[in-house]
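1. What would the 3D arrangement of this be:
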Amino acid sequence: MNRSMFGIFVALAIAFVGFNSFYIVDEGEQVIITQFGEPVGGATTEAGLYFKIPIVQKVLFFDKRILKWDGDPNEIPTSDKKYIWVDTTARWRISDPLLFLQRMNNMNRATLALNDLINGAVRDFVTKNNLIEIIRSSDWKVSYQSTNEETEAMEEVLVGRDRFSELVLESVAQTTKGFGIELLDVLVKRINYTQQVRETVYTRMISERQRIAAQKRSEGEANKAEILGTMEKDLKTIVSEAYKKAETIRGKADGAATAIYGKAYNKDPEFYAFLTSLDSYEVLLGKNTKLILQADAPIYDYLKNYQKVRK
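-> Purely as a prediction, here's the structure:
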């Protein structure tokens, strides 16, 4: 019985030692081996199955992937005394796990170090520059301005938001190298005014929009008056030309009619007088019409002759 228990114990010991003699490194991991708390050898960065001395040596795993850092929004005054909330983020990775172990030891300390370094660099830049250097891109030009804003808003951007991120990255990256950390980039997620500044900005924006709206309405009224004036002028010109043309045509027609009347009269004056008298009768002698004429009236001649013919 004792031999059986001893055999089981030996088997378990061998299995334990064998199990603790190997370790597996995944693709997204890198490993440092410590012996009695001190690093042994360099970092293991390639994925695979590796051997270590059981019990004596300990395996420390570190992430090899790109990691994300998110800072808390900070209220910072700009050089032109505008208080803003700046929210930044960054990407980093452990470039030297051995140095990282010696200087940072764990992820919590690394996060605290990044908090101090990045937030400090962001605060230094914001306090040394005006607001427009942070909220506008470096390629922004005054010619892009579509409205006549205040003079301070028309200033040319010398640094800009993208260069701001680069300067913060350059400032912090040199320090993080000594921690075994490679800082890849620093980006501004959001910039917002504080409540007091926000109300002032909103008031100015409303005033500016109202001024632009009034200007647009004034320009619209001026354009309307110009269009109506042009339309009225064109209408009078058209009517005048049409009246002139109509009078010219009417004059030519009257002249032609007079010529025709003259020719007809010259051919047979008596017959022409008779026809004109008939036309006059047609106009004068309507239904239920009584006509009183003198005996010597020219229009009465044909009526008198008609009575003689009937007798």
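
2. Going by C-alpha atoms from here, please, whenever you check contacts or count neighbours.
-> Noted.

3. Which parts of the stretch 101-250 of the chain are strands?
-> Listed in chain order, the strands of the stretch 101-250 of the chain (DSSP state E, counting those that start in this stretch) span 181-193.

4. which stretches of it form helices?
-> In order along the chain, the stretch 101-250 of the chain carries the following helices (DSSP state H, counting those that start in this stretch): 107-128, 132-135, 160-176, 195-267.

5. out of those, which comes closest to residue 23?
-> helix 107-128 (21.6 Å; C-alpha to C-alpha).

6. How about the closest one, which residues are buried there?
-> Neighbour-count burial for helix 107-128, with 16 or more other C-alpha atoms under 10 Å as criterion, is recorded at 110-111, 114, 117-119, 121-123, 125-127.

7. which residues touch it?
-> Contacts made with helix 107-128 from outside it, assessed by C-alpha atoms under 8 Å, 6 or more residues apart in numbering, are listed as 69, 71, 76-79, 104, 134, 164, 168, 171-172.

8. Swap in 7 Å and give it another go.
-> Contacting residues not belonging to helix 107-128 are listed as 71, 76-79, 104, 168, 171-172 [C-alpha atoms under 7 Å, 6 or more residues apart in numbering].

9. Please apply the same query to stretch 171-186.
-> So stretch 171-186 is in contact with 89-97, 99-100, 103-104, 117-118, 121, 165, 168-169, going by C-alpha under 7 Å, 6+ apart.

10. Please list only the buried members of the residues you listed.
-> When those are checked for burial by 16+ other C-alpha under 10 Å, the buried set is 89-90, 92-97, 99-100, 104, 117-118, 121, 165, 168-169.

11. on that earlier part again, can you tell me which of the helices of the stretch 101-250 of the chain is most buried?
-> For those, the largest average neighbour count (mean count of other C-alpha atoms under 10 Å) is found in helix 132-135, namely a mean of 21.

12. what helices or strands is that helix leaning on?
-> With contacts defined as 3 or more C-alpha pairs under 7 Å, 6 or more residues apart in numbering; DSSP states H and E, helix 132-135 has these neighbours: helix 160-176.

13. One more pass at 10 Å, please.
-> helix 107-128, helix 160-176, strand 181-193 (3 or more C-alpha pairs under 10 Å, 6 or more residues apart in numbering; DSSP states H and E).

14. Could you look up the SS state of residue 92?
-> strand (DSSP: H, G, I helix; E, B strand; the rest coil).

15. Could you check how far the residue nearest to it when sequence neighbours are not counted is from residue 121?
-> The shortest distance from residue 92 to any non-neighbouring residue, by C-alpha to C-alpha, 6 or more residues apart in numbering, is to residue 183 (4.4 Å). Distance, residue 183 to residue 121, by C-alpha to C-alpha, to the nearest Å: 13 Å.

16. Would you single out the least confident of the helices of the stretch 101-250 of the chain?
-> Of all the helices of the stretch 101-250 of the chain, mean pLDDT reaches its minimum on helix 132-135 (a mean of 73).

17. Distance from the chain centre to that one, please.
-> Using C-alpha atoms, centre = their mean, to the nearest Å, we find the averaged C-alpha position of helix 132-135 to lie 18 Å away from the chain's own average C-alpha position.

18. Please apply the same query to stretch 182-189.
-> On the basis of C-alpha atoms, centre = their mean, stretch 182-189 sits 26 Å off its chain's mean C-alpha point.

19. With stretch 235-247 instead?
-> Here the centre of mass of C-alpha atoms in stretch 235-247, compared against the chain's by C-alpha atoms, centre = their mean, lies 51 Å away.

20. Residues contacting that stretch, please?
-> When contacts are taken as C-alpha atoms under 10 Å, 6 or more residues apart in numbering, the neighbours of stretch 235-247 outside the stretch itself are 229-234, 248-253.

21. Out of the helices of the stretch 101-250 of the chain, which gets nearest to residue 43?
-> Counting by C-alpha to C-alpha, residue 43 lies closest to helix 107-128 out of the helices of the stretch 101-250 of the chain; the figure is 17.1 Å.

22. what about the residue nearest to residue 92, distance to residue 169?
-> 7 Å.

23. Please consider this matter closed, and thank you.
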